[in-house]
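[1] curious how this folds, go ahead:
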Amino acid sequence: DCVPDFPPLLAAVIDRMLRKNPEERYQSAEEFLDALAPATRRLESPAEPCVSDDTATQRLRRLTGIMIGTLKVGELLGVGTTGAVFKAFDEKLKRAVAIKVLKAPTIDIHESQKRFEREAETAAKLDHENVTHVYSAGSYEGMPFIVMQFVDGGTLRNLLKTRHRLDVRLALNVVRQALL
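    Sure, this is the predicted structure:
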C-alpha cells in the first residue's frame with residue numbers, strides 16, 4: 001500500500017466545504033470534523049509514498065544530474081500520478097529551485113500538456129504565502145516542466161510518519177492552509 005498525494009476522500013471533504021450553495025456545505029464544525037476523521041485516517045498510515053518503477057518513473061530518474069539551461073537537476077523529491085518534483089540548483093541565480101515535470105501521460109498527450117501549461121500559468125498569477133512562486137516553464141526533450149520556488153522543510157506525509165496522528169487543531173490548521 002502507498003499513500004496517494006491527495007486522498008480522494010479528503011478531496012471530497014474539501015469539495016463539500018467549498019460548494020457555492022451554503023446549504024450543501026457542512027452546517028457545523030462537528031459535522032465537518034465527523035467527515036474529516038475518516039478522510040484523514042488514511043493519511044495517518046506510515047505507508048510509503050506512491051513511487052512505482054514504471055517506464056515513466058525510470059525516465060524521470062534519469063533527469064537527476066543533468067543540466068536544463070542554467071538548472072542542475074538534483075534529487076527526485078516525489079512522484080505523483082501525473083508528474084514528479086525534483087530539487088535543482090539554478091547555477092546562474094545561485095539558488096535552489098524545484099522543478100515539476102509532467103510524466104508520460106496515459107491520456108491524450110496534447111490535453112495533458114495543455115493542462116500542465118494552464119497549471120503553470122495559473123500558479124504564476126498567484127501570490128500567497130501558502131503557494132510556491134512559479135519562476136518559469138519550458139520543455140526538455142518534449143517533457144514539459146515548471147520551475148518554482150523550493151521550500152525546504154518537511155511534507156505532510158513525513159509529519160504523519162513522525163507523529164502518526166495529528167490532533168484536531170493541527171489537522172484543521174493544515175486544511176485551512178491548503179484552502180487559503
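[2] where do the strands of this structure begin and end?
    In the chain, the segments counted as strands under DSSP state E are 2-3, 48-49, 67-68, 71-79, 83-90, 95-102, 134-140, 143-149.
[3] of these, which is nearest Leu170?
    For Leu170, the closest of the strands of the chain is strand 2-3, at 17.6 Å, according to C-beta to C-beta. To be clear about C-beta, it is placed using only N, CA and C from the backbone, and glycine gets the same treatment.
[4] and the closest one, average pLDDT?
    In this model, strand 2-3 carries a mean pLDDT of 44.
[5] surely Leu71 touches Ala96?
    No: using C-beta atoms under 8 Å, Leu71 and Ala96 do not qualify as a contacting pair, with a distance of 10.3 Å.
[6] which neighbours do those two have in common?
    Any residue near both Leu71 and Ala96 by C-beta atoms under 8 Å, 6 or more residues apart in numbering counts here, and that gives 88-90.
[7] got TSV for the residues you listed, with neighbour count and pLDDT too?
    Listed next are the shared contacts of Leu71 and Ala96 as TSV, based on neighbours: other C-beta atoms under 10 Å; pLDDT from 0 to 100:
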residue	neighbour count	pLDDT
Ala88	26	96
Phe89	16	97
Asp90	18	96
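[8] distance to Ile14 for the residues you listed - can I get that in CSV?
    Below are the shared contacts of Leu71 and Ala96 laid out as CSV (distance: C-beta to C-beta, whole Å):
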residue, distance to Ile14
Ala88, 30
Phe89, 34
Asp90, 33
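[9] beta partners for Gln149?
    Note on Gln149: beta-bridge partners by DSSP bridges are Val97.
[10] still on that earlier bit, between Leu71 and Ala96, who's got more neighbours?
    More crowded of Leu71 and Ala96, by other C-beta atoms under 10 Å: Leu71, with 23 against 14.
[11] what bridges to the residue nearest to the more buried one when sequence neighbours are not counted?
    Spatially, and ignoring its direct neighbours in sequence, Leu71 is nearest to Ala88 (4.7 Å; C-beta to C-beta, 6 or more residues apart in numbering). Judged by DSSP bridges, the bridge partners of Ala88 are Val73, Val97.
[12] all set now, cheers.
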